[in-house]
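[1] just a sequence and a predicted model for now, questions to come.
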Amino acid sequence: MSKISRRQLMTAGLWSAAGASGLVVAAKVAERYGLIPPDARVLYGAGETLTYAAQRLLTRHSLAREFGRSEISKDPFANEVDPLGADFQRLQDGGFADWRLAVDGLVARPASFSLAELKSFPRSTQITLIACEEGWSYIAEWSGVPLAHILNLVGALPQARYVVYRSIQPDWWESIDMADALHPQTFLTLGMNGEELPIAFGGPLRLRVPRQLGYKNVKYVNRLTVTDSLKPFGKGLGSASPEGGYSWYAGI
Amino acid sequence: MSSLDAPQALSRAVAQTAEALRPRHTSSRHPGVVRVTHWLITLAFLALLVTGVAILFSHPRFYWGEIGNVNTRPLFTLPIPASRDTIATGYGFVLPDQNGWSRYLHFEAAWVAVLTGLFYVAFGFLDGHFRRNLVPAPSDLSPASLARDVGRHLRFALPSDQEAWSHNVLQRLTYLLVIFVLFPLMIWTGLAMSPAVEGAFPSLVIALGGRQSARTIHFFVTIFLVLFLLVHVLMVYLAGFRERVGAMIVGRLPERMEPEPAEPQHTEPQHTDRR
């Protein structure tokens, strides 16, 4: 009886050791392949990590669904924005001639682009749906410069893992991994439905990442930072969203 | 007692405890896998329900098709307050925003529900649990038999202790509906609301009629699952709350409810007409 118990104890011990080391190895492999989101250590990080890892494994290269011109929403909803402040007002009064997009971090050639320069780059368009995490949605035609084009221009370094993007609204900053940053439908958006991007919808410059929910699509973007780690930014959770209790990855 | 006896005394105590806990009969009312997955799913479902309601408060309007927002006409609006001031609800106040942790927990609980559910379904097929305990006998599906069973339920005729060892036909059909229709539909409509999943598998959304249709169906399936939960708990209460909940925890029913010794197999479904 005691012999069997001892054997069972040893077997259980071996299984636990194997399980624990398996988990450690899995975590290392997941980290290596970029399957761990920056907010993995928050209270609900386990579910968040499963979602992010599963979607990166299954949907890394898939394109957001495109719609027909007839499906474009007649009455898109811009949502509320916080007051934009005196700096924005001054830039708006000057027709955004002085609006700059700074690009820094892990790049060979840090740069600062004016809107005129951005408009001179090759433009792409997409008719895609934007959905708010609250549940509502609309479809619009967006036109802009693929973020991949800008990253090419400035020479993003091979060790780059994330792009942090900031707004003229200091409380709204986000980041995406390179899978989304280099994705062909991730735009620095300048136009909507054939016209200049209206201010209410993020004009003059909005980062459009159509495979993620609305709050990742930051309005009034004025700075990009390419980085290999999100730890130095804010509280190190990846973006303003997890600091406000929302998940960093919003592909769901 | 020498110190060498201590391990033996301990193992004897363990053996005695195990003997005391051993079911009196060889078959338990509910297999262990069913009991564990039942309570895991219960926990996950309650978390999904509470967080789902919290998410709903941020936009208590429903639409059909791909798009829908405060500028478009809703299919229907729930008469509840909202946690956003962009929505005219008729209430003079706005609820606090609970969307952040609710969404985190909603998806974490969804993983628990889906992984547990997959394990349960695999077990149900491999072990024969579905065939044995949930698939109704053809004779029970005749209109007359079904009508008799519905009548018994409407009269709140309580099952005998013997019947506690099986599921009646309405129970079987309801459980099958929940397991193979409502839960899969819930998962499908949930996935259809994920923009990344939609990109990889657009037909998941197109087949439902659009993102807003998926959200609306998700809501109605919730209503059906909550109705199921209420009726399920009511039936457990009527059939003896302590005994039935106990059976789902430890697998045993009280001895007075045990089957006749003459009966050859306890786990076989009892399809014979009991009247």
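    Here it is on my side, so go on. In this text, all values refer to a predicted model and were calculated from it rather than measured experimentally.
[2] could you use CA atoms for every contact and neighbour count after this?
    Noted.
[3] contacts only, for A:Ala111.
    A:Ala102, A:Val103, A:Asp104, A:Val154 (C-alpha atoms under 8 Å, 6 or more residues apart in numbering or on different chains).
[4] quick check: chain neighbours aside, which residue is closest to the first one?
    If I follow you right, that is A:Ala102. Distances taken as C-alpha to C-alpha, 6 or more residues apart in numbering or on different chains put A:Ser112 closest to A:Ala102, at 4.2 Å, once the chain neighbours are dropped.
[5] repeat for B:Glu243
    Per C-alpha to C-alpha, 6+ apart, closest to B:Glu243 is B:Leu253, 5.9 Å.
[6] my guess is the one you found contacts B:Val245, does it?
    No - using C-alpha atoms under 8 Å, B:Leu253 makes no contact with B:Val245, being 9.3 Å away.
[7] those two: which is more packed in?
    B:Leu253 (23 against 16; other C-alpha atoms under 10 Å in any protein chain shown).
[8] which of the three states applies to the spatially most central residue of chain A?
    Nearest to the geometric centre of chain A sits A:Ile176, at 3.1 Å (C-alpha atoms, centre = their mean). For A:Ile176, the reduced secondary structure class is strand; criterion used: DSSP: H, G, I helix; E, B strand; the rest coil.
[9] how about the contacts made by A:Asp126?
    One correction, residue A:126 is Gln, not Asp. Neighbours of A:Gln126 in contact, by C-alpha under 8 Å, 6+ apart: A:Glu66, A:Glu141, A:Trp142, A:Ser143, A:Gln185.
[10] please verify my assumption that the last one contacts A:Gln212.
    Same thing as A:Gln185. No - assessed by C-alpha under 8 Å, A:Gln185 is found out of contact with A:Gln212, at 11.2 Å.
[11] now the residue of the stretch 101-250 of chain A found nearest chain B: phi and psi?
    Closest contact between the stretch 101-250 of chain A and chain B, by C-alpha to the nearest C-alpha, is at A:Tyr246 (4.2 Å). The phi/psi pair for A:Tyr246 (degrees, to the nearest 10) reads phi -100, psi 150.
[12] so what's it closest to, chain neighbours aside?
    Nearest to A:Tyr246 is B:Gly100, by C-alpha to C-alpha, 6+ apart, at 4.2 Å.
[13] kindly report the same for B:His106.
    Nearest non-adjacent residue to B:His106 (C-alpha to C-alpha, 6+ apart): B:Leu48, at 5.1 Å.
[14] what's the answer for A:Asp177, then?
    Closest residue to A:Asp177 in three dimensions, ignoring its sequence neighbours and counting by C-alpha to C-alpha, 6+ apart: A:Tyr162, at 4.3 Å.
[15] any idea how far the residue nearest to A:Tyr246 lies from B:Thr51?
    From B:Gly100 across to B:Thr51, the span is 10 Å (C-alpha to C-alpha, to the nearest Å).
[16] count of neighbours near B:Val150?
    That count, for B:Val150 with other C-alpha under 10 Å as the rule, works out to 14.
[17] which pLDDT value goes with it?
    B:Val150 is assigned 88 on the pLDDT scale.
[18] doesn't it belong to a helix?
    Yes - under three-state DSSP, B:Val150 falls within a helix.
[19] that one and chain A: what is the separation?
    39 Å (C-alpha to the nearest C-alpha, to the nearest Å).
[20] grab the nearest non-local neighbour of that residue.
    B:Leu170 (7.6 Å).
[21] which ones are touching the residue nearest to the centre of chain A?
    A:Tyr162, A:Val163, A:Val164, A:Tyr249.
[22] could you redo the last one with a cut-off of 10 Å?
    Taking C-alpha atoms under 10 Å, 6 or more residues apart in numbering or on different chains, we find A:Ile176 in contact with A:161-165, A:182, A:209, A:212, A:216, A:226, A:238-239, A:248-250.
[23] contact residues of the stretch 101-250 of chain A facing chain B?
    Counting by C-alpha under 10 Å from any C-alpha of the partner chain, the stretch 101-250 of chain A comes close to chain B at A:129-139, A:210-213, A:241-247, A:250.
[24] A:Ile168 touches A:Tyr220, doesn't it?
    Yes - taking contacts as C-alpha atoms under 10 Å, A:Ile168 lies within contact range of A:Tyr220: 5.8 Å.
[25] what about residue 206, how many neighbours?
    Let's take chain A. 23.
[26] sorry, I should have been clearer: chain B.
    16.
[27] quick one: it and B:Gly65 touch, right?
    Yes - using C-alpha under 10 Å, B:Ile206 is in contact with B:Gly65, at 9.2 Å.
[28] just the strands in the chain please.
    This is for chain A. Along chain A, the segments classed as strands by DSSP state E run A:100-105, A:111-114, A:124-131, A:137-146, A:162-167, A:173-177, A:187-192, A:195-196, A:206-208, A:221-227.
[29] the intended chain is chain B.
    Going by DSSP E, chain B shows strands at B:61-62, B:76-77.
[30] would a markdown table of these with mean neighbour count be doable?
    Shown next, in a markdown table, are the strands of chain B (neighbours: other C-alpha atoms under 10 Å in any protein chain shown):
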| stretch | mean neighbour count |
| --- | --- |
| strand B:61-62 | 23 |
| strand B:76-77 | 12 |
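[31] those strands: which one's closest to chain A?
    Checking the strands of chain B against chain A by C-alpha to the nearest C-alpha gives strand B:61-62 as the closest, at 8.6 Å.
[32] centre of the chain to the closest one, how far?
    Mean C-alpha position of strand B:61-62 versus that of the full chain (C-alpha atoms, centre = their mean, to the nearest Å) differs by 26 Å.
[33] which strands and helices sit next to the helix ranked longest in chain B?
    The residue-count maximum for a helix in chain B (DSSP state H) belongs to helix B:211-250. Identification of packing neighbours for helix B:211-250 by 3 or more C-alpha pairs under 10 Å, 6 or more residues apart in numbering or on different chains; DSSP states H and E yields strand A:124-131, helix B:32-56, strand B:61-62, helix B:169-177, helix B:183-191, helix B:203-206.
[34] go with 7 Å
    On a contact count with 3 or more C-alpha pairs under 7 Å, 6 or more residues apart in numbering or on different chains; DSSP states H and E, helix B:211-250 meets helix B:183-191.
[35] dump the residue contacts of residue 134.
    Because you didn't say which chain, this covers chain A. A:Glu134 makes contact with B:Ile55, B:Ser58, B:His59, according to C-alpha atoms under 7 Å, 6 or more residues apart in numbering or on different chains.
[36] ah, no, chain B please
    Counting by C-alpha under 7 Å, 6+ apart, the residues that B:Leu134 touches are B:Arg172, B:Leu176.
[37] next one, pLDDT for it please.
    92.
[38] show me the shaky parts of the stretch 101-250 of chain B.
    B:159-164 (pLDDT under 70).
[39] at 90 what do you get?
    Residue ranges of the stretch 101-250 of chain B with pLDDT under 90: B:137-142, B:144-146, B:148-170, B:238-240, B:243-244.
[40] so B:Thr51 makes contact with B:His106?
    Yes - look at B:Thr51 against B:His106 with C-alpha atoms under 7 Å: they come within range, at 5.7 Å.
[41] who has more neighbours out of B:Gly100 and B:Thr51?
    The neighbour comparison of B:Gly100 against B:Thr51 (other C-alpha under 10 Å) goes to B:Thr51, with 23 against 20.
[42] once you drop chain neighbours, what's closest to the more buried one?
    Nearest one to B:Thr51, counting by C-alpha to C-alpha, 6+ apart, is B:Ser102 at 4.6 Å.
[43] in contact with that neighbour, which residues?
    With the criterion set at C-alpha under 7 Å, 6+ apart, B:Ser102 makes contact with B:Thr51, B:Ala54, B:Ile55.
[44] so how far is A:Ala12 from the last one?
    Note on B:Ile55: its distance to A:Ala12, by C-alpha to C-alpha, is 42 Å.
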